[in-house]
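Student: Structure, please.
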Amino acid sequence: MNLLPRRAGILSAALTLVIASIVAGAGAAQDGKTVTSKSSAGNLEVETVASGLENPWGLAFLPDGRMLVTERPGRLRIISRSGTVSAPVANVPPVFANGQGGLLDIALAPDFADSRMVYFSYAEPREGAAGTSVARGKLMEEAGNAWLDGVQVIFRQQPASGGSNHFGSRLVFARDGSLFITLGDRYSLREKAQDLSTHIGKIVRIWPDGTVPDDNPFAKANGPRPEIWSYGHRNVQGAALDPVTGRLWTVEHGARGGDELNHPEAGRNYGWPVITYGRDYTGLAIGEGTAKPGMEQPVKYWDPSISPSSLAFYTGELFPAWKGDLFVGALSGSRLVRLRLDGDKQRVTEEEDLLEDLGERIRDVVPGPDGALWLLTDDPGAGRVLRVAPAG
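Tutor: You can find the predicted model right below:
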């Protein structure tokens with residue numbers, strides 16, 4: 001009797017078990033649509049809800065559980081809970097889809113159930129240059145078609161400039177109905193982050209119709225742009241409102257190191273490019289060091305950089321151990337980062353890296369109405385919508 005085939009089969013089966021054991025030990029197992037990943041709250045089930053998106057950037061939930069998702073090349077999609085991706089929503093204005101530019105964030109008006117108004121930020125082409133702009137329009141749907149009606153630009157970053165980097169930008173509605181817009185320094189204009197006559201490297205605050213709140217810090221000053229809320233920022237791509245205090249929190253990209261977590265306050269200077277914990281891509285120092293009187297220190301900084309792309313407070317019920325924690329999407333870090341703040345919310349007391357085994361750039365993180373964490377992965381042609389929930 002020839003025992004070689006049988007022995008080969010036994011060895012092959014044993015090898016398969018060993019490999020499966022190694023994969024499970026690494027904390028990830030995949031069946032094609034779901035991935036199981038380890039965390040301090042137990043195993044996480046990561047479900048692919050939709051795929052095949054081109055650089056998805058921003059996600060907002062509609063009241064019926066569907067999602068609005070932007071694709072950076074300039075398309076707005078409606079995605080059902082089951083993952084059906086709509087044709088592009090019509091009447092999105094032309095975008096500067098180059099480098100980091102394109103269609104960016106999306107947010108529903110606080111009164112969306114009545115008004116149907118949506119707000120979106122984008123890199124707007126302007127006479128050979130580009131700048132971050134914000135527009136709004138009424139979402140209309142009929143017979144399977146969707147479009148934006150009455151699109152109106154309510155804010156334009158000034159000045160526009162050449163180049164294709166550092167547009168920001170996240171949109172966050174405050175409790176009083178005003179709108180925070182985060183803006184980048186456009187990379188080549190970083191010195192203007194300290195110049196109050198521009199919107200470069202600023203966070204601005206406006207009313208939904210584009211007018212300026214009277215209580216903005218520079219609303220009555222001569223010279224500064226009245227929309228400015230805070231300044232000295234590099235490229236803020238994550239922003240969220242604290243559900244308890246109503247305070248704005250942000251994360252922004254540093255250069256080589258120096259990514260920051262901040263809670264920007266009215267009229268404060270956050271230092272860029274005078275102070276930073278990062279270095280230039282050449283390896284040379286930037287500015288005057290890491291601290292200077294009159295300039296704010298970050299709540300936390302990362303070195304090396306993780307390229308923080310998004311920010312959210314968790315308020316759901318599926319992860320009770322994480323309630324009130326911050327979640328940060330990371331691009332170069334290819335992970336989701338959980339942060340816990342102390343009782344006074346002045347410092348980070350706990351940090352956990354999640355979903356590193358996915359190996360994907362996380363572009364957006366949004367707590368869903370179902371209590372899960374919903375993510376966008378940033379990929380030129382295979383971007384995904386992911387739902388993260390407790391396994392089992």
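Student: I'd guessed Val151 sits against Pro93; true?
Tutor: Yes. Contact criterion C-beta atoms under 8 Å: Val151 and Pro93 qualify, at 6.2 Å. The way it works is simple: take the backbone N, C-alpha and C, and place the C-beta from them, glycine included.
Student: Quickly list what's touching both of the two.
Tutor: Ala135 (C-beta atoms under 8 Å, 6 or more residues apart in numbering).
Student: Tell me the predicted confidence for the spatially closest residue to His253 that is not a sequence neighbour.
Tutor: Once flanking residues are discounted, His253 sits nearest to Asn235: 4.3 Å by C-beta to C-beta, 6 or more residues apart in numbering. Asn235 is assigned 98 on the pLDDT scale.
Student: Tell me who's in contact with Asn235.
Tutor: 165-166, 168, 184-185, 187, 252-253.
Student: And the closest residue to Val299 other than its chain neighbours, how far from Leu331?
Tutor: Spatial nearest neighbour of Val299, excluding adjacent residues (C-beta to C-beta, 6+ apart): Leu261 at 4.8 Å. Leu261 sits 16 Å away from Leu331, going by C-beta to C-beta, to the nearest Å.
Student: These two - which one has more neighbours?
Tutor: More crowded of Leu261 and Leu331, by other C-beta atoms under 10 Å: Leu261, with 23 against 19.
Student: quick one: the more buried one is in a strand?
Tutor: Yes. Using DSSP: H, G, I helix; E, B strand; the rest coil, the assignment for Leu261 is a strand.
Student: Please tell me how far it sits from Ile275.
Tutor: Taken as C-beta to C-beta, the span from Leu261 to Ile275 is 16 Å.
Student: repeat for Asn43
Tutor: 42 Å.
Student: Looking at those two, which has the bigger crowd around it?
Tutor: Ranked by neighbour count (other C-beta under 10 Å), Asn43 and Ile275 place Ile275 first, with 21 against 13.
Student: Give me the distance between that one and Ser82.
Tutor: 49 Å.
Student: Kindly indicate whether the nearest residue to Gly267 once chain neighbours are set aside is helix, strand or coil.
Tutor: Leaving aside its chain neighbours, Gly267 sits nearest to Pro217 (3.3 Å; criterion: C-beta to C-beta, 6+ apart). The three-state assignment at Pro217 reads coil, by three-state DSSP.
Student: Go ahead and confirm Pro217 touches Ala266.
Tutor: Yes. Judged on C-beta under 8 Å, Pro217 makes contact with Ala266 at a distance of 4.3 Å.
Student: okay, and the common contacts of the two?
Tutor: Jointly contacting Pro217 and Ala266 under the rule C-beta under 8 Å, 6+ apart are Trp229.
Student: neighbours of the residue nearest to Ala219 when sequence neighbours are not counted, just the number please.
Tutor: In this structure, Ala219 finds its nearest non-sequential neighbour in Pro226, 4.7 Å apart by C-beta to C-beta, 6+ apart. Neighbourhood size, Pro226 [other C-beta under 10 Å]: 17.
Student: So Pro226 is in contact with Val212, correct?
Tutor: Yes. Here Pro226 lies in contact with Val212, judged by C-beta under 8 Å, at a distance of 4.5 Å.
Student: list residues touching both of these two?
Tutor: By C-beta under 8 Å, 6+ apart, the residues touching both Pro226 and Val212 are Ala219.
Student: so can I have JSON lines of the contacts of Asn235 showing pLDDT?
Tutor: Listed next are the contacts of Asn235 as JSON lines, based on pLDDT from 0 to 100:
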{"residue": "Asn165", "pLDDT": "98"}
{"residue": "His166", "pLDDT": "98"}
{"residue": "Gly168", "pLDDT": "97"}
{"residue": "Gly184", "pLDDT": "98"}
{"residue": "Asp185", "pLDDT": "98"}
{"residue": "Tyr187", "pLDDT": "97"}
{"residue": "Glu252", "pLDDT": "98"}
{"residue": "His253", "pLDDT": "98"}
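Student: Just say helix, strand or coil for Gln100.
Tutor: coil.
Student: Which pLDDT value goes with it?
Tutor: Looking at Gln100, its pLDDT stands at 97.
Student: Spatially central residue for the protein, please.
Tutor: Ser310 (2.4 Å; C-alpha atoms, centre = their mean).
Student: Helix, strand or coil: sort out it for me.
Tutor: Quick answer, by three-state DSSP: Ser310 is strand.
Student: Now do the same contact list for it.
Tutor: Contacts of Ser310 by C-beta under 8 Å, 6+ apart are 170, 237-238, 251, 328-329, 362-366.
Student: nearest residue to it other than its sequence neighbours?
Tutor: Per C-beta to C-beta, 6+ apart, closest to Ser310 is Gly329, 3.9 Å.
Student: Asn55 now?
Tutor: Arg72 (3.9 Å).
Student: So which residues of the stretch 101-250 of the chain form strands?
Tutor: Secondary structure of the stretch 101-250 of the chain (DSSP state E, counting those that start in this stretch): strands located at 103-108, 117-126, 129-142, 145-156, 171-173, 179-182, 202-206, 228-231, 236-241, 248-252.
Student: got CSV for those strands, with distance to Arg335 too?
Tutor: Formatted as CSV, these follow (distance: least, C-beta to C-beta, whole Å):
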stretch, distance to Arg335
strand 103-108, 21
strand 117-126, 25
strand 129-142, 27
strand 145-156, 32
strand 171-173, 23
strand 179-182, 22
strand 202-206, 25
strand 228-231, 27
strand 236-241, 14
strand 248-252, 13
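Student: Mind putting those strands into TSV with distance to Gly371 and mean neighbour count?
Tutor: Converted to TSV, the strands of the stretch 101-250 of the chain look like this (distance: least, C-beta to C-beta, whole Å; neighbours: other C-beta atoms under 10 Å):
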stretch	distance to Gly371	mean neighbour count
strand 103-108	19	23
strand 117-126	24	23
strand 129-142	25	20
strand 145-156	27	15
strand 171-173	21	19
strand 179-182	25	26
strand 202-206	29	26
strand 228-231	31	26
strand 236-241	17	25
strand 248-252	21	26
